[in-house]
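Trainee: Fold the stuff below for me.
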Amino acid sequence: MTSYRFAVIGTPHCEDLGATDRFEHSTHLLKSGIDYDAVIVSGDAESDPAELERLRRTSTYALKPLFTSKSAKGVAAALSDGAAPESIKALEEICRSYAERLSMFNRGRPPLGLEAKVLAYLWMRGSEKVLAVRDAAAPQFYQYPLIDALADEPVNAAVWLQGLAQRGLLHTDHLIDRIRLCSHCGSGRLNYIDVCVECQSMEIRRQPSLHCFTCGHVGHQEQFLKDGTLVCPNCMTRLRHIGTDYDRPLENYHCNNCSAFFVDADVEARCLDCGTHHTPDQLHVREIRDYALTESGMLACRQGLDQTNLNYFGQLSMVGATSFKVLLDWQLELIQRHKAPSFVLLGVRFRNLAQTLARLGEQRGHALLDTLVERMQEAIRDTDRCTRTSEEHLWLLLMHTDQQGIDRVSQRLEKLSTLFVGDELQDIALSQVACVAPRDVVSEENAELLLARLTGEL
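Mentor: Numbers count the residues shown, from 1 in each chain. Prediction:
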């Protein structure tokens with residue numbers, strides 16, 4: 001049985017952890033040279049996120065479980081695994097689970113580089129996220145402490161995470177904030193000021209005006225006041241009734257620089273860091289979100305980040321999900337216009353495949369995948385194309401195939417069910433759904449909608 005070692009930085013939060021080693025600061029722990037399986041930052045040390053950050057920046061504790069003694073917020077929440085469990089047994093179970101998942105990451109290869117380390121961190125923790133933390137001192141007001149800690153050199157974390165999201169490895173749950181940044185230096189420290197619509201001067205003020213109906217003169221309200229009555233300074237007509245003799249124009253702003261009148265001032269954004277002047281539409285808009293692994297991300301973590309060599313299903317003329325959707329959209333457009341060529345989109349779902357592979361372990365799980373791919377190669381042609389949208393969902397685009405053709409393919413795929421026998425494999429269930437074009441194509445339906453409709457039937 002594996003023996004685990006734990007350490008506490010600060011004051012222990014409960015007596016059940018009395019068997020752990022204790023250190024006053026993280027620097028003392030690092031100098032000890034001992035490789036602990038988990039660390040709890042507690043007591044006075046818990047209020048200092050630098051303790052967690054110092055540990056995360058090391059290669060030893062970059063991915064290991066780091067806890068706080070109570071529910072954390074802000075930077076501490078972004079860098080830690082939350083509140084520590086109350087017993088040694090629970091800690092051991094977490095360490096065992098993390099170690100098992102890390103052994104399956106990227107087919108056992110150690111995570112090297114920022115991308116691999118971030119994906120491994122999320123893979124080991126399942127539903128955890130890369131959290132955005134508000135920081136008024138930061139030029140862009142938000143930071144991703146985990147990315148900053150795991151990166152070997154400075155990186156624009158927001159842009160870097162968006163890149164992984166565009167590749168389908170990460171996804172976002174909800175919008176936290178939307179900020180506007182200087183288009184020159186990228187700073188979010190902006191000052192919004194009202195300026196004249198004519199000369200862009202800041203020397204403007206709100207000033208009530210009057211409009212004489214007799215001569216059409218528009219001027220400041222003070223110019224019309226004479227001996228307690230309203231008199232037009234241009235034609236000297238006495239203004240008695242509003243709406244009949246005069247009215248108040250909408251132009252309530254006056255520029256002291258060019259004497260222009262206008263309804264609403266223009267808004268100008270001035271960067272407080274570099275001094276660049278912008279109109280609001282020239283600013284860069286950035287959405288702030290938390291990030292988590294997508295199904296495709298989890299699939300990459302399991303099968304290997306180098307998809308060209310380590311993707312088992314790559315032997316089946318596999319293409320990326322985005323490329324597959326582009327290809328499918330093209331075929332749907334041809335169907336809409338020319339009613340040809342005929343094709344079949346076949347969806348195959350292996351229910352509980354991921355859980356079964358995890359239960360079988362690395363060696364037996366890969367052996368099952370080898371056999372599965374070999375059988376599927378017998379059912380499809382070299383000209384067909386495939387993609388996976390999750391660990392359980394496989395999609396096949398079978399060109400120039402009709403109902404009879406898909407029936408034959410389905411029968412061959414049904415034989416795969418013979419692989420899933422025995423107590424260890426009985427949880428895997430194979431289901432199929434097919435769309436035969438042009439017969440089953442819905443008008444104005446694109447690839448995204450078609451895949452979503454068929455996924456619901458699976």
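Trainee: Mind splitting the protein into its structural domains?
Mentor: 6-133+146-174, 190-281, 311-457 (automatic domain parsing).
Trainee: Comparing those domains, which yields the minimum mean pLDDT?
Mentor: Mean pLDDT values for the domains of the chain show the minimum at domain 311-457, a mean of 80.
Trainee: follow-up on the earlier one: closest to Ser296 out of the domains of the chain?
Mentor: Comparison of those against Ser296 by CB to CB identifies domain 6-133+146-174 as nearest, at 4.5 Å. Heads up, the C-betas are built off the backbone N, CA and C, glycines and all.
Trainee: Can you name the residues that contact Ser209?
Mentor: 218-221, 248-249, 251-252, 254, 261 (CB atoms under 8 Å, 6 or more residues apart in numbering).
Trainee: Show me the two of those that sit farthest apart.
Mentor: Arg248 and His254 (13.8 Å).
Trainee: Which one's more surrounded, the two?
Mentor: His254 (20 against 13; other CB atoms under 10 Å).
Trainee: Quick check: that one touching Ile204?
Mentor: Yes: His254 lies in contact with Ile204 (CB atoms under 8 Å); the separation is 6.7 Å.
Trainee: Now the buried members of the contacts of Ser209.
Mentor: 219, 252, 254, 261 (16 or more other CB atoms under 10 Å).
Trainee: Reformat those into CSV and put secondary structure next to each item.
Mentor: Converted to CSV, the buried ones among the contacts of Ser209 look like this (DSSP: H, G, I helix; E, B strand; the rest coil):
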residue, secondary structure
Gly219, strand
Asn252, coil
His254, strand
Phe261, strand
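Trainee: which one of these sits closest to Asp329?
Mentor: Asn252 (52.3 Å).
Trainee: Any idea how many residues pack against the nearest residue to Leu272 once chain neighbours are set aside?
Mentor: Leaving aside its sequence neighbours, Leu272 sits nearest to Arg189 (CB to CB, 6 or more residues apart in numbering; 4.2 Å). Arg189 is flanked by 17 other residues according to other CB under 10 Å.
Trainee: How about Val133?
Mentor: Neighbours of Val133 under the rule other CB under 10 Å: 21.
Trainee: For Leu131, give its distance to Ala77.
Mentor: 6 Å (CB to CB, to the nearest Å).
Trainee: give me every residue that touches Asp273.
Mentor: 139, 182, 185, 187, 189.
Trainee: Rebuild these as JSON lines, extending it with distance to Thr322, secondary structure and pLDDT.
Mentor: Converted to JSON lines, the contacts of Asp273 look like this (distance: CB to CB, whole Å; DSSP: H, G, I helix; E, B strand; the rest coil; pLDDT from 0 to 100):
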{"residue": "Pro139", "distance to Thr322": "32", "secondary structure": "coil", "pLDDT": "85"}
{"residue": "Cys182", "distance to Thr322": "32", "secondary structure": "coil", "pLDDT": "91"}
{"residue": "Cys185", "distance to Thr322": "32", "secondary structure": "coil", "pLDDT": "88"}
{"residue": "Ser187", "distance to Thr322": "33", "secondary structure": "coil", "pLDDT": "90"}
{"residue": "Arg189", "distance to Thr322": "36", "secondary structure": "coil", "pLDDT": "92"}
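Trainee: Who wins on neighbours among the residues you listed?
Mentor: In terms of neighbour count, Cys182 stands highest of the contacts of Asp273 at 25 neighbours, by other CB under 10 Å.
Trainee: pretty sure it contacts Arg270?
Mentor: No: if you go by CB under 8 Å, Cys182 and Arg270 don't touch, sitting 9.1 Å apart.
Trainee: Need the residues touching each of those two.
Mentor: Residues touching both Cys182 and Arg270 (CB under 8 Å, 6+ apart) are 190, 276, 278.
Trainee: Restricted to buried residues, select these in PyMOL.
Mentor: In PyMOL syntax, the buried subset of the shared contacts of Cys182 and Arg270 is picked out as below (16+ other CB under 10 Å):
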select buried, resi 190+278
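Trainee: how about CSV for the shared contacts of Cys182 and Arg270, with distance to His174 and secondary structure added?
Mentor: Formatted as CSV, these follow (distance: CB to CB, whole Å; DSSP: H, G, I helix; E, B strand; the rest coil):
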residue, distance to His174, secondary structure
Leu190, 25, strand
Thr276, 32, coil
His278, 28, strand
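Trainee: Count the neighbours of the residue nearest to Val75 when sequence neighbours are not counted for me.
Mentor: Spatial nearest neighbour of Val75, excluding adjacent residues (CB to CB, 6+ apart): Pro49 at 3.9 Å. Neighbour count of Pro49, defined by other CB under 10 Å: 20.
Trainee: Identify, from the contacts of Ser209, the entry nearest to Ser417.
Mentor: For these, the minimum distance to Ser417 (CB to CB) is 77.0 Å, reached by Asn252.
Trainee: hang on, the residue nearest to Leu272 packs against Cys274?
Mentor: No: assessed by CB under 8 Å, Arg189 is found out of contact with Cys274, at 9.6 Å.
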